[in-house]
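Undergrad: coords below, sequence missing:
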């Protein structure tokens, strides 16, 4: 997905929010904002928004010397999700369509996104999304591909959401690879977070190599690119991964909640809609 | 009031919102955002935020050649306020403290502010503010000064809000000057808007000379500065005027709703609080 003009104020907002979390030094925060101001006229609008995010979060690390400002928040979100895990497993087990319920729960987990400027209450959001109509619902195509799939590549998004992903991976019950970011960026899931979420019990965990808050193929490592090419089924969670992968050549199923207008417009849905969208299927 | 770091993302958001309203030409909007990006490292944080706003809105006019993107919206807001005027007069007349009720109504009108990224519903907001506790309430000092005042200088803020200001000016029942901006900036009131609001029936209308979305003394004309110096009572409406005048040497009564965190922090109140604050009184 290309960058829209509306993304530009959001870049500045994200930079401020993260720099403030990374340091109390007002001069350093100002240095970050000055740099982001400079970037606006130099970054291409043909880039995906998270490619610019990659530059911004690198700058924040460089200026503040804080490599993981969201570390405590991620741990808290993972623990809260683990606390909900037994009840959510029960919800899946008792539902008429356990696979669909597990998909809904995995999408509900996608509200734990600190890259967008939105408050969330995970318990309430789960209850809403369990009943919400899908704005895009390629469920039949998804089931067809899943039924034939021997291998699943599941591209994770945020820490905490990872626990909800585990529920869907368990429900699909096939050999799966769970993909995380190379280094901490916003509250996105890295290997440590995936392990803390219990993913190693149900999947092989690998890094995509991407340092961006997204899967951008040009930033990914060979191991990921090989698996991305060869997996029978690719699931991509969340906005960042959609932004990075929406124009790739292979089949991908996107599962997300549209949390900003730009993404919603690009998907031709409304803000806050939930989406199960297959491309090239 | 100085500029806070948090104002910087807001500058970019305001620039995007207004440029988009001023033109459909994506290249022109991008040119505006590029320029605002450049400004971030050059404008002093010791300036008031609307002094930077002045530069931003000048740039939008220069690039888009649209001098008044909010013209239609202002007209609509004035008409809606005029429609409410008879009922609000009745509310003042029937209240236990008509002066205080008129102040509350004038503050309620301050929600019609398109410089902040907040939705409003004027009818609902009036009902809330009629009952809301003041976070700062210098009412006794205000009444003391009003009782002695022969002349009132009333510095207006937004178009539409101007109709509500008229109700307070009528209630105070003294010779008043109503002050507006020199040129259209956001939805701030200019002479035409004040006339459309019926202010000429109850006050002399003058321009401060300021092209900023605020009263910044260094940008004001001699006529305004003379009246500002000599008026017995100065009332300043809204956030922009507070930002410009919060550190002046004479007595001023600020009436506003704190619609953003930065202003709320500066006033030591909470966001959405209402304020009647006197300085140097």
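TA: Structure received. These numbers were taken from a predicted model, which means no experiment stands behind them.

Undergrad: Thought residue A:185 was touching residue A:67, still the case?
TA: No - Residue A:67 is beyond contact range of residue A:185, at 9.8 Å (criterion: C-beta atoms under 8 Å). C-beta: built from backbone N, CA, C; applies to glycine.

Undergrad: Residue A:280: how many residues sit nearby?
TA: Residue A:280 has 9 neighbouring residues, counting by other C-beta atoms under 10 Å in any protein chain shown.

Undergrad: got a list of what it touches?
TA: Taking C-beta atoms under 8 Å, 6 or more residues apart in numbering or on different chains, we find residue A:280 in contact with A:248, A:249, A:250, A:251, A:252.

Undergrad: And for residue A:215?
TA: A:155, A:179, A:208, A:236, A:240, A:241, A:244, A:245.

Undergrad: wait, what's in contact with the most centrally placed residue in chain A?
TA: In chain A, the residue lying closest to the centroid (C-alpha atoms, centre = their mean) is residue A:157, at 2.5 Å. Counting by C-beta under 8 Å, 6+ apart, residue A:157 touches A:110, A:113, A:188, A:189, A:237, A:238, A:239, A:240, A:241, A:256.

Undergrad: The closest residue to residue A:250 other than its chain neighbours and chain B, how far apart?
TA: Distance criterion C-beta to C-beta, 6 or more residues apart in numbering or on different chains; nearest residue to residue A:250, sequence neighbours excluded, is residue A:280 at 6.0 Å. Noted for residue A:280: a distance of 29 Å to chain B, by C-beta to the nearest C-beta, to the nearest Å.

Undergrad: what about the closest residue to residue A:248 other than its chain neighbours, how many neighbours?
TA: In this structure, residue A:248 finds its nearest non-sequential neighbour in residue A:217, 6.8 Å apart by C-beta to C-beta, 6+ apart. Using other C-beta under 10 Å, residue A:217 is surrounded by 14 other residues.

Undergrad: doesn't residue A:236 make contact with residue A:217?
TA: No - counting by C-beta under 8 Å, residue A:217 sits too far from residue A:236 to count as a contact (11.9 Å).

Undergrad: which element is residue A:212 on?
TA: For residue A:212, there is no host helix or strand (DSSP states H and E).

Undergrad: surely it meets residue A:183?
TA: No - at 9.9 Å, residue A:212 does not count as touching residue A:183 under the criterion of C-beta under 8 Å.

Undergrad: More neighbours: which of those two?
TA: Each of residue A:212 and residue A:183 has its neighbours counted (other C-beta under 10 Å); residue A:212 has more, 29 against 16.

Undergrad: for the more buried one, what are its contacts?
TA: A:50, A:51, A:53, A:54, A:57, A:181, A:185, A:219, A:240, A:244 are the contacts of residue A:212 under C-beta under 8 Å, 6+ apart.

Undergrad: I'd like these written out as TSV, with neighbour count and secondary structure added.
TA: Below are the contacts of residue A:212 laid out as TSV (neighbours: other C-beta atoms under 10 Å in any protein chain shown; DSSP: H, G, I helix; E, B strand; the rest coil):
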residue	neighbour count	secondary structure
A:50	30	helix
A:51	20	helix
A:53	27	helix
A:54	20	helix
A:57	26	helix
A:181	26	coil
A:185	27	coil
A:219	19	helix
A:240	30	helix
A:244	27	helix
